[in-house]
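Sequence first, then the predicted structure, then my questions.
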Amino acid sequence: MQKIVVILGPTAAGKTSMSLTLAKKFNGYIISADSRQIYRGMDIGTDKLTRNKWQGIKHRMIDIVNPDDDYSLAQYQKTVFAIINDQKKLLPFLVGGTGLYIQSIVDNLDIPKGGPDKVLRKELNEKTVQELFRMLIKIDPKTAQVIDENNKRRLIRAIEVCKTSGFKYSDRTKKNKPVVNALQIGVKISREEMYKKINKRVDEMMEEGLLDEAKKLGEKYDWDIPSMSAIGYKQLGLYFKKELSLDEAVELIKNDSRHYAKRQMTWFKRDSRINWVSSANEAEKLIERFL
RNA sequence: GCCGAGGUAGCUCAGUGGUAGAGCAGUAGACUGAAAAUCUAUGUGUCGGCAGUUCAAUUCUGCCCCUCGGCA
């Protein structure tokens, strides 16, 4: 089985610089596991390492689609597996903070087929969560038992899978046999330090021209497409739409980033296979033992 | 100094003669083709201080302290 090293952690923990150090040391390349860095033109706000800073290390899954292209977990999984299969000489470093994307690779999630059916989604979106929940009870009672009843997006997705794939959602969500042997390394950071770094980084992004980047994207794309829900862009969108002052928008970026980082921690906490380190040295030792 | 408004949770503020609540923040959690998305749970604090009225005061009265306006 192909060995891969995963470098994960909340936003601002220092994954990028650690992964560069390690990729150089172990003759590796980097596969981004970041659901927003896939978009071209979203650079400053996603804290993307631009091409000129790659230091000769090969990077994949960055700038692969345009902001108005549809993209999904299933595509991500498929593409990453193809990359790993194709590139056998270098050690893959899967680096990022999108827990679900990482899990789809590490655990080879069997992602339910079916959809996305935009027409159906739109139609379902007009119903209330109560109505959707009642629908789901009829077509897939097993899922209805465990789903968040108020989570419209999940209700819609479950119904969509049942209606378009011929399978029940509950029959389709499982793990397949793993196809990679993954060493998962988490970059440790205290809550306090993390929040401090996030606040500082948002200010730096503004200095680097996030406002201008967001403005250009806003001129080209609708503010309500999925990619534009990325932190940094969404809030500045509210400023451009005159719903917030600039100061309020920047404060909201910080706030939403902190919330996001907290959710990431919740996600990672439940995976006991993750080895938490606070330096590249510690990570190096783990990798040496792993290889 | 005078006039007015106000001092209640970390912040912004509601409210009541029977010792108090929302939003935000914080904290915890869920998560399988939108995941930086989406959803859930969670509020004891000298109700500015002292005294008075009252069976009972955060609520009414008096004095004091502080903050913010306006006038000097």
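Cool, the structure landed. In this text the structure is predicted, and so the values were computed from the model without any measurement.

A:S279 and RNA strand B, how far apart?
23 Å (C-beta to the nearest atom of the strand, to the nearest Å). Every residue, glycine included, has its C-beta placed from N, CA and C.

which parts of the stretch 151-291 of chain A sit against RNA strand B?
Residues of the stretch 151-291 of chain A lying near RNA strand B by C-beta under 7 Å from any atom of the strand: A:151-154, A:156-157, A:161, A:172-175, A:191, A:195, A:226-227, A:229-232, A:234, A:255-256, A:258-260, A:262-267, A:269-270.

so where's the stretch 101-250 of chain A shaky on pLDDT?
A:172-173 (pLDDT under 70).

where along it do the helices fall?
Ranges of helices in the stretch 101-250 of chain A, per DSSP state H, counting those that start in this stretch, are A:118-125, A:129-139, A:141-146, A:152-165, A:169-172, A:191-208, A:210-220, A:233-240, A:246-269.

Contact residues of the stretch 1-150 of chain A facing RNA strand B?
So the stretch 1-150 of chain A meets RNA strand B at A:11, A:34-37, A:45-47, A:71-75, A:97-101, A:104, A:109-116, A:121, A:125, A:148, A:150 (C-beta under 7 Å from any atom of the strand).

Report the buried members of these.
A:11, A:34-37, A:45-47, A:71, A:97-99, A:101, A:104, A:109, A:111-112, A:114-115 (16 or more other C-beta atoms under 10 Å).

Next step: the residues you listed restricted to strands.
A:L109 (DSSP state E).

centroid residue for chain A?
With distances taken as C-alpha atoms, centre = their mean, the residue of chain A nearest its centroid is A:T98 (2.9 Å).

ok, and the closest non-adjacent residue to that residue?
Closest residue in space to A:T98, ignoring its immediate chain neighbours: A:S35 at 4.4 Å, by C-beta to C-beta, 6 or more residues apart in numbering.

who touches that neighbour in this structure?
When contacts are counted by C-beta atoms under 8 Å, 6 or more residues apart in numbering, A:S35 touches A:Y76, A:T98, A:Y101.

Do I have it right that the residue nearest to the centre of chain A meets A:I31?
No - counting by C-beta atoms under 8 Å, A:T98 does not reach A:I31; the two are 11.9 Å apart.

So A:Y29, which state does it fall into?
strand (DSSP: H, G, I helix; E, B strand; the rest coil).

For beta bridges, what are the partners of it?
Taking DSSP bridges as the rule, A:Y29 bridges to A:P92.

burial of it, as a residue count?
Neighbourhood size, A:Y29 [other C-beta atoms under 10 Å]: 17.

hang on, it packs against A:F93?
Yes - here A:Y29 lies in contact with A:F93, judged by C-beta under 8 Å, at a distance of 6.9 Å.

Identify the contacts common to those two.
Residues touching both A:Y29 and A:F93 (C-beta under 8 Å, 6+ apart) are A:A23.

Tell me how many other residues crowd A:D70.
Around A:D70 there are 11 residues (other C-beta under 10 Å).

again, but for A:V146
Counted with other C-beta under 10 Å, A:V146 comes out at 9.

what's the answer for A:M265, then?
Look at A:M265: counted by other C-beta under 10 Å, it has 17 neighbours.
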